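**Student:** pasting the sequence and the predicted model now:
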Amino acid sequence: MIALNIAAQEIRVGLRNRWVIATTLLLAALALSLVLLGSAPTGTVGADPLAIVVVSLASLTIFLIPLIALLLSFDGIVGEHERGTLILLLSYPVSRWQVVVGKVLGQTAILAVATLVGYGAAGAALAAQAEIGANAWAAYTGMLATSVMLGAAFIALGCLASTLVRERATAAGLAVGVWLFFVLIYDSALLGLLVADQGRTVGETGLNLLLLFNPADAYRLFNMTATESVSVYSGMAGPGDPSGLGPATLLAALVAWILLPLTLAVAAFQRRPI
């Protein structure tokens, strides 16, 4: 399939960039630091070390993975256009949707390798230190999988931004704006809305719907309520369902955040003049 060939080429180009290796080392270093810090208090308070690591890594991932994903993808299309290679690429018997899908697949694979290697090193280090239960490992595995999904969602958003503008600098600015909005501004604005509304208009259903409109919130809720011990350390334990959203709904939201921007990017690229 042509899209897979484009993805393979994207992977080869990406792996030649030293900052991709630096990103992997950064993720590994931060994850290992959290493992050492998270497992330190377990001898006195009996805390679940892996649950603490899941909460800590999930909080770190919300800030770091979207930024890395946007840095990977913001110039995927517009960068090719500025270098003059986009016209050459489209002169071959390749569909435009295959170009977009191939780039997103390749960039997601790069981010997945960096995430799995970086966070996997932390899991291996923790496994060597303590005996971990099956439920804790299930939560950790879910965190790894959803971290890749969160990265894929922001790669799709970055690719969408890259198809909408004509200059690389503009795409970079738009990518930074996307990161600021979803990671920092959205939750602050939502909190302000809830305080101002005082429960008059926005009820539980409305709040749940608003949370699904942010991939970072869907990721956070999925991982902060993964198991009972994780819920305790994340501060979301208590009677009933803290969010009113089940794991299946949150996973579906993450999948939708991958597919919708990707579909819009394909549609925008189809209409883009070369």
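**Tutor:** Happy to help now that I have it.
**Student:** please make it C-alpha for all contacts and neighbour counts, starting now.
**Tutor:** OK.
**Student:** show me what the helix or strand harbouring residue 128 is packed against.
**Tutor:** Per DSSP states H and E: residue 128 is located in helix 96-129. With contacts defined as 3 or more CA pairs under 8 Å, 6 or more residues apart in numbering; DSSP states H and E, helix 96-129 has these neighbours: helix 2-15, helix 18-39, helix 49-73, helix 134-164, helix 247-271.
**Student:** so which of those helices comes closest to residue 197?
**Tutor:** Among the helices and strands packed on helix 96-129, helix 247-271 comes nearest to residue 197, with 25.0 Å by CA to CA.
**Student:** and that closest one, how far from the chain's centre?
**Tutor:** In terms of CA atoms, centre = their mean, to the nearest Å, the centre of helix 247-271 is set 13 Å apart from its chain centre.
**Student:** and it, what does it pack onto?
**Tutor:** Judged by 3+ CA pairs under 8 Å, 6+ apart, the packing partners of helix 247-271 are helix 96-129, helix 134-164, helix 215-224.
**Student:** do you know the pLDDT at the residue lying closest to residue 223 once chain neighbours are set aside?
**Tutor:** Leaving aside its sequence neighbours, residue 223 sits nearest to residue 143 (CA to CA, 6 or more residues apart in numbering; 6.0 Å). Residue 143 carries a pLDDT score of 90 in this model.
**Student:** check residue 265 too.
**Tutor:** If you check residue 265, the pLDDT there is 96.
**Student:** repeat for residue 133
**Tutor:** At residue 133, pLDDT is 66.
**Student:** distance to residue 178 and mean neighbour count added to the helices and strands packed on helix 247-271, as JSON lines?
**Tutor:** Formatted as JSON lines, the helices and strands packed on helix 247-271 follow (distance: least, CA to CA, whole Å; neighbours: other CA atoms under 10 Å):
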{"stretch": "helix 96-129", "distance to residue 178": "17", "mean neighbour count": "21"}
{"stretch": "helix 134-164", "distance to residue 178": "8", "mean neighbour count": "24"}
{"stretch": "helix 215-224", "distance to residue 178": "12", "mean neighbour count": "25"}
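**Student:** thanks again, I'm all set now.
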